[in-house]
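**Q** Take this sequence and fold it.
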Amino acid sequence: MVQVVNDHPRLVRPIELLQQPPPFSSPVLSEPNSFFTPSKMLRQELKNRLLYPVPEKKTIPALKNLSWHLRVLHRIPVAWSSAVVTQDHIYSLSSYYLAFLKPIPILFNRLNTDSEHAQGPGVQVLKCDLLPSLPGLTIVHFPADPQVYQCDPPVAIFLDSFQLPEHISEFIHSAILQDIIESVWVLKPNARLIISDLSSVVIVHPPDKDGVPYECLRLKSNPEYHRVIIAAYLLLSLTRQDDPVSGSYFSMPVDFIEMPIPLGAPLPDTVPMLPDDFVFSEFHKHSDFDYYMLVNDPRRAEQFLRWKMHQFDSQPLDIAHHRQILPAVTRGLEKSLQEFRPLYTEPIPTRTKQYLREITRPTTIPEPLTRRLESSTSFSVVILDDMTLPCNLRQICRSYTCALDTIDDQPLDSDSQMKFFLRLFDDRFVDFIEPDESFHWGLWWLRWITAEDFARREDAAYKHLFKLPDGTTVYGCLTEYIDAPQLSETVIHSLSDDHKKGLIRSCREAVRILQNSHVSSPSTWNPSTILCRKDETSALGVSCVLTDFSEASLHIDPDPWRFFMIDDFGWCLRHVLTDHSKFGFPSEEFVESVFGRREDWDCFRISSKEGELTRPLDPWEHIYLQLCNVEDAGK
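**A** Below you'll find the predicted structure:
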């Protein structure tokens, strides 16, 4: 009998679930069954329905498709019971195989979170008795609606262990295979047949114009590979007929965290438009407009564009000047908008934590001042220097150095007036090009951005509401000022090779921290927003400091095909490091030898740079190699 010792479930990654070891060792029968005696009648039937080996194996593309999906969705944890299964001298072979396949429905139902794809109770593994007269067979199937999916899900047929002969051609031309094919295809005419004894696999594909194609594979070392093959063909079969491109059975959850955005209620058509003069004088930022009406009412969209032109023509681009004092409401943004928080995070690797401890710099802000500022309701700053590059004056963010002037209307001592770094977000001057007549208005408005969105994406501890001298309010971030140069060719040329390696490693660890925190930030990977900090007291010598997270994203798009499509690895490697002709590293090989390769789940490459390091290593590469090196045993 089979005994199960219960234990608490644990969370595993999707790709790890399919690689769980079998429940216990598969039994070996003392006397093999004699399935493989062909008959004269069978030979004539096989002549009419030719079975032929596929010229190129179809299994490897199916496995790569499954691997890609599981790696893209690697952050979705799957609960798996760590129960211990044991066996006595009496057991049920069919129970063993059902237990062996148990991870497949658990995985598919966990990753199928879109109700539009859900069909009844989801994926199930059911035993069926299509051939009750033949001993030593366990047949299982995965019920699904054939009207919805591309074809019938595969049917798995398990033989008693090690029953497939050394020369599988004997099995291909046997009566048992013909019986299996005819019995299954009467009910499921498009189903693939995956016949296994956990040492070899015979895959019979649906018939085509040339006959019935089949594959023969030997995978003696790892029984769980047979489970992976079944799951790969199951995913192919569960592709939606009405949407074969994005209609995968796997989907991202749609009940992600909805961040509130500044939108008004839809206005009835009978409500007259506000006069331009009123809009020009009273509207100061994008969020003052009703986004819904901009998308659906061309008249109001055109008024928005007139307001933009008025801002360009009437307002100075330099919104703050030297020695001006700006009052601020502490955490003013958080009081109106929800915090920007990751949805799927992972623990920071131990080696990365150790690296962070090694490069941690002492803060220049006294702890009493920090506590006083964090507990305040308001403060004011005095502008020192404008750090905004001239080419960025039409962007949403402005950068300054400043000093604290007051906290809760109380002046600060002269000893407390240290330098801070201030970023203000003002969307009035952001370029918004008018679309031509052929451009669809609804699509054009997808480029809509607001200052609130940019400010919210920065560190939650520093989001404040500032008031400009002309009365306009803008959101901003106040951070510690770090006295370090921007990354540049001159700076990098001045570093020793060891310090250059330290800088490259620092950039790689920064990418890793963002990825594990479920944050992507394309605006970060710009040399002008990365500081190169030297620390002669540290063995590492040099580290990078990232200063711009205004375009950060949390990858919570409900479309699974856009999930994790922001290529932080590629952007950092290409724009910051490997453009050595501009930034002074000896060679790309020098950079890549320190930077290392992608994580295996980092499947998207936006960067045009190609090479081994930009290609993620597929964790199933060894399976593909094993399958490629197997000579087709059925020939």
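**Q** hey, let's count contacts and neighbours off CA atoms from now on
**A** Will do.
**Q** which residues does Glu224 contact?
**A** Residues in contact with Glu224 (C-alpha atoms under 8 Å, 6 or more residues apart in numbering) are Leu18, Gln19, Gln20, Pro21, Pro22.
**Q** ok, the closest residue to the third one other than its chain neighbours to Ala62 distance?
**A** Counting by C-alpha to C-alpha, 6 or more residues apart in numbering, the nearest residue to Gln20 once its immediate chain neighbours are dropped is Glu224, at 6.9 Å. Distance check for Glu224 against Ala62: by C-alpha to C-alpha, to the nearest Å, it reads 16 Å.
**Q** if we can go back for a sec, top of the contacts of Glu224 by neighbour count?
**A** Of the contacts of Glu224, Leu18 is surrounded by the most neighbours, 22 neighbours in total, counting by other C-alpha atoms under 10 Å.
**Q** Do I have it right that that residue meets His226?
**A** No: because the distance of 9.7 Å does not satisfy C-alpha atoms under 8 Å, Leu18 is recorded as not touching His226.
**Q** neighbours around Leu187, how many?
**A** Neighbouring residues of Leu187 were enumerated by other C-alpha under 10 Å; the total is 11.
**Q** can you pull the contacts of it?
**A** Leu187 sits next to no residue when contact means C-alpha under 8 Å, 6+ apart.
**Q** What score does it have for pLDDT?
**A** pLDDT for Leu187: 79.
**Q** what does Phe421 give?
**A** Value listed for Phe421 in the pLDDT field: 89.
**Q** Which strand or helix spans Ser543?
**A** Ser543 belongs to strand 542-546 when elements are defined using DSSP states H and E.
**Q** My error: substitute Ala328 in the last question.
**A** With DSSP H and E as the criterion, the answer for Ala328 is strand 325-329.
**Q** what packs against that strand?
**A** Based on contacts counted as 3 or more C-alpha pairs under 8 Å, 6 or more residues apart in numbering; DSSP states H and E, the elements that strand 325-329 packs against are strand 378-386, strand 463-467.
**Q** Start from the N-terminal end of the stretch 1-150 of the chain and give the strands.
**A** Under the criterion DSSP state E, counting those that start in this stretch, strands of the stretch 1-150 of the chain are mapped to 2-5, 9-12, 51-53, 78-81, 84-87, 126-128, 137-141.
**Q** circling back: tabulate the contacts of Glu224 (JSON lines), appending pLDDT.
**A** As requested, the contacts of Glu224 are arranged in JSON lines below (pLDDT from 0 to 100):
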{"residue": "Leu18", "pLDDT": "88"}
{"residue": "Gln19", "pLDDT": "85"}
{"residue": "Gln20", "pLDDT": "83"}
{"residue": "Pro21", "pLDDT": "80"}
{"residue": "Pro22", "pLDDT": "74"}
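**Q** Save those residues as a markdown table, and put in distance to Ile168 too.
**A** Conversion of the contacts of Glu224 to a markdown table gives the following (distance: C-alpha to C-alpha, whole Å):
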| residue | distance to Ile168 |
| --- | --- |
| Leu18 | 26 |
| Gln19 | 26 |
| Gln20 | 28 |
| Pro21 | 26 |
| Pro22 | 24 |
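**Q** now Arg428: how far from Tyr292?
**A** Computed as C-alpha to C-alpha, the Arg428 to Tyr292 distance reads 19 Å.
**Q** Comparing those two, which shows the higher neighbour count?
**A** For Arg428 versus Tyr292, the count of surrounding residues by other C-alpha under 10 Å is larger for Arg428: 24 against 14.
**Q** The closest residue to the more buried one other than its chain neighbours - how many residues pack around it?
**A** Sequence neighbours aside, Lys285 is the residue nearest to Arg428 in space, at 5.7 Å (criterion: C-alpha to C-alpha, 6+ apart). Other residues near Lys285 number 20, with proximity taken as other C-alpha under 10 Å.
**Q** i'd like the first residue to be 12 from this point on
**A** Taking 12 as the first residue, the last one we looked at is Lys296.
**Q** so what's Lys296 up against?
**A** Applying C-alpha under 8 Å, 6+ apart, one finds that Lys296 lies in contact with Asp437, Asp438, Arg439, Thr461, Ala462.
**Q** Now secondary structure, pLDDT and distance to Glu603 too, for those, in a markdown table please.
**A** As requested, those are arranged in a markdown table below (DSSP: H, G, I helix; E, B strand; the rest coil; pLDDT from 0 to 100; distance: C-alpha to C-alpha, whole Å):
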| residue | secondary structure | pLDDT | distance to Glu603 |
| --- | --- | --- | --- |
| Asp437 | coil | 85 | 38 |
| Asp438 | coil | 84 | 38 |
| Arg439 | coil | 84 | 41 |
| Thr461 | coil | 70 | 37 |
| Ala462 | helix | 66 | 37 |
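**Q** Most neighbours among the residues you listed, which one is it?
**A** Neighbour counts for these, by other C-alpha under 10 Å, peak at Asp437, which reaches 26 neighbours.
**Q** separation between that residue and Gly482?
**A** With the distance defined as C-alpha to C-alpha, Asp437 ends up 13 Å from Gly482.
**Q** what does Ile336 give?
**A** Distance of Ile336 to Gly482, given as C-alpha to C-alpha: 12 Å.
**Q** Tell me which of those two has more neighbours.
**A** In this comparison of Ile336 against Gly482, neighbours counted by other C-alpha under 10 Å, the higher total goes to Ile336 at 21 against 9.
**Q** Now do the domain split for this protein, please.
**A** Listed by automatic domain parsing, the domain ranges of the chain are 13-264, 328-491, 500-566+576-611.
**Q** ranking the ones you listed by burial, who's on top?
**A** When these are scored by mean count of other C-alpha atoms under 10 Å, the highest mean neighbour count falls to domain 500-566+576-611 (a mean of 19).
**Q** how long is it end to end?
**A** Length of domain 500-566+576-611, first residue to last, C-alpha to C-alpha: 32 Å.
**Q** Helices of the stretch 212-361 of the chain, start to end?
**A** Under the criterion DSSP state H, counting those that start in this stretch, the stretch 212-361 of the chain carries helices at the ranges 235-248, 287-293, 302-307, 309-325, 361-370.
**Q** could those helices be laid out in CSV, adding distance to Pro88 and mean pLDDT?
**A** Below are the helices of the stretch 212-361 of the chain laid out as CSV (distance: least, C-alpha to C-alpha, whole Å; pLDDT from 0 to 100):
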stretch, distance to Pro88, mean pLDDT
helix 235-248, 18, 90
helix 287-293, 49, 92
helix 302-307, 36, 74
helix 309-325, 43, 87
helix 361-370, 20, 88
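**Q** so Phe477 bridges to which residues?
**A** With beta bridges defined as DSSP bridges, Phe477 has these partners: Ala339, Val485.
**Q** I meant Arg251, not that one.
**A** Under DSSP bridges, the beta-bridge partners of Arg251 are Tyr160.
**Q** Quick check, it in contact with Ser259.
**A** Yes: with contacts defined as C-alpha under 8 Å, Arg251 counts as touching Ser259 at a distance of 6.5 Å.
**Q** how about the helices and strands packed on strand 336-340, which one is nearest Glu632?
**A** In this view, these are compared for proximity to Glu632 by C-alpha to C-alpha, and strand 474-478 is the closest at 45.7 Å.
**Q** between that closest one and strand 389-397, how big is the angle?
**A** Taking axes from the mean of the first three to the mean of the last three C-alpha atoms, to 10 degrees, one finds strand 474-478 and strand 389-397 inclined to each other by 80 degrees.
**Q** could you say what helices and strands strand 474-478 packs with?
**A** Where contact means 3+ C-alpha pairs under 8 Å, 6+ apart, strand 474-478 is packed against strand 336-340, strand 484-491.
**Q** Out of those, point me to the one whose mean pLDDT is lowest.
**A** Of all those, strand 484-491 carries the lowest average pLDDT, namely a mean of 83.
**Q** Dump the C-alpha coordinates for that strand into PDB.
**A** What follows is strand 484-491 as a C-alpha-only set of coordinates in PDB (Å, rounded to 0.1, in the frame of the first residue of the first chain):
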ATOM      1  CA  THR A 484       2.400  73.200  -6.600                       C
ATOM      2  CA  VAL A 485       4.600  70.400  -7.700                       C
ATOM      3  CA  TYR A 486       5.600  67.100  -6.200                       C
ATOM      4  CA  GLY A 487       9.200  66.300  -5.400                       C
ATOM      5  CA  CYS A 488      11.800  64.100  -3.600                       C
ATOM      6  CA  LEU A 489      14.400  65.300  -1.100                       C
ATOM      7  CA  THR A 490      17.400  63.000  -0.700                       C
ATOM      8  CA  GLU A 491      20.900  63.000   0.700                       C
END
